[in-house]
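>>> I would like to see how this sequence folds:
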Amino acid sequence: MKNFLDKEITKKYKNNSQKIRIMSEIWTEKNIFCPNCGSRILNYENNKPVADFYCEKCSEQFELKSKKEKVNKKIPAGAYSKMIERLSFSEKPNFFFMIYVNENYLINDFFVVPKYFFTPSIIEKRKPLSVNAKRAGWVGSNILFSRIPNFGKIYYIKNGKEFLKKDILEKWKKTLFLKEIKKDNLKGWILDIMNCIESLNKKDFKLSEIYAFEKILSILHPENKNIKAKIRQQLQFLRDKGYIEFLEKGKYRLK
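Predicted structure coming up:
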């Protein structure tokens, strides 16, 4: 796999954002496979509104976001109303993210986030553009990466290191249990508990350590008045799905 974008193919273009779009799409189609089944992905020729690529075998769809240098806690996305609307589509896409170094267009990171990790709670509404702007009143959005667990970021390339195809397919397979959850508020709870566990940065943890996030979780879920009970419920669900294992009373291990 070549881990850099080909500048030669965009010599005739002047607009830099157009250059990046063309280079990144061509590179992705040549180098990236479907994380669901391992087959080839193809670029939609007519710029389909809901996606950039599709798998020729299992029909999974993907949208590509390219960004220079690094992903911060949030990344700009499209119009807020459109982003929220797309989350309800049955054929909403998964998201590819490409992080490149601008000077030589070296690809530092490339990863996919499955579509079932996207809920309305991770889409932030931006302020409307000012009356003096070309698109006055337009309301954009940000994807809040801080709300997506690392479990949901499946890397093909990380810090310049390429991962094996079998490992990528296996990591995708492990996330599939989240597809079963149809209600966004329930899924949001599970993703937030995953984030709490990951933030501890250790394999073995205690229930009391997750209880320590009670205040934060109450802000994220103000409708719930019994946070500790909800925490226990989500830990039981994650245990049943093999994300964590129960060691003994009040003690768990991240798998």
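
>>> stretch 66-77: which residues count as buried?
Within stretch 66-77, the residues scored as buried using 16 or more other Cβ atoms under 10 Å are 66, 67, 74, 75, 77. Where you see a C-beta, it was placed from the backbone N, CA and C, and this is true even at glycine.

>>> give me the distance from stretch 203-223 to the chain's centre.
On the basis of Cα atoms, centre = their mean, to the nearest Å, stretch 203-223 sits 22 Å off its chain's mean C-alpha point.

>>> what residues of it count as buried?
205, 209, 210, 213, 217, 221.

>>> format the residues you listed as CSV; extra columns: pLDDT and secondary structure.
Converted to CSV, these look like this (pLDDT from 0 to 100; DSSP: H, G, I helix; E, B strand; the rest coil):
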residue, pLDDT, secondary structure
205, 97, strand
209, 98, helix
210, 98, helix
213, 97, coil
217, 96, helix
221, 93, coil
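
>>> include distance to residue 9 when you put the residues you listed into TSV, please.
Formatted as TSV, the buried residues of stretch 203-223 follow (distance: Cβ to Cβ, whole Å):
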residue	distance to residue 9
205	48
209	51
210	49
213	48
217	48
221	47
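
>>> residue contacts, residue 75?
65, 67, 97, 142, 143, 145 (Cβ atoms under 8 Å, 6 or more residues apart in numbering).

>>> and for residue 38?
165, 169.

>>> just the residues contacting the helix or strand where residue 169 lies, thanks.
Assigned by DSSP states H and E, residue 169 falls within helix 165-175. For helix 165-175, the external contacting residues (Cβ under 8 Å, 6+ apart) are 33, 35-38, 112, 114, 116-117, 151-152, 154-156, 242-243.

>>> let's see the ChimeraX selection covering just the buried ones among those.
To isolate the buried members of these in ChimeraX, using 16+ other Cβ under 10 Å:
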select :35,36,112,114,116,117,151,152,154,155,156,243
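
>>> circling back to that earlier point, closest to residue 236 among the buried residues of stretch 203-223?
residue 210 (12.2 Å; Cβ to Cβ).

>>> so that closest one touches residue 198, yeah?
No - counting by Cβ atoms under 8 Å, residue 210 stays clear of residue 198, with 11.3 Å between them.

>>> sorry, back to before: list the helices and strands the following helix or strand past the helix holding residue 169 packs on?
Next along the chain after helix 165-175, taking DSSP H and E as the criterion, comes helix 184-199. Counting contacts by 3 or more Cβ pairs under 8 Å, 6 or more residues apart in numbering; DSSP states H and E, helix 184-199 packs against helix 207-211, helix 214-220, helix 227-240.

>>> just checking, what packs against the shortest one?
Secondary-structure packing of helix 207-211 (3+ Cβ pairs under 8 Å, 6+ apart): helix 184-199, helix 227-240.

>>> what residues does it touch?
Outside helix 207-211, the residues touching it (Cβ under 8 Å, 6+ apart) are 193, 196, 197, 200, 228, 231, 232, 235, 250, 251, 252.
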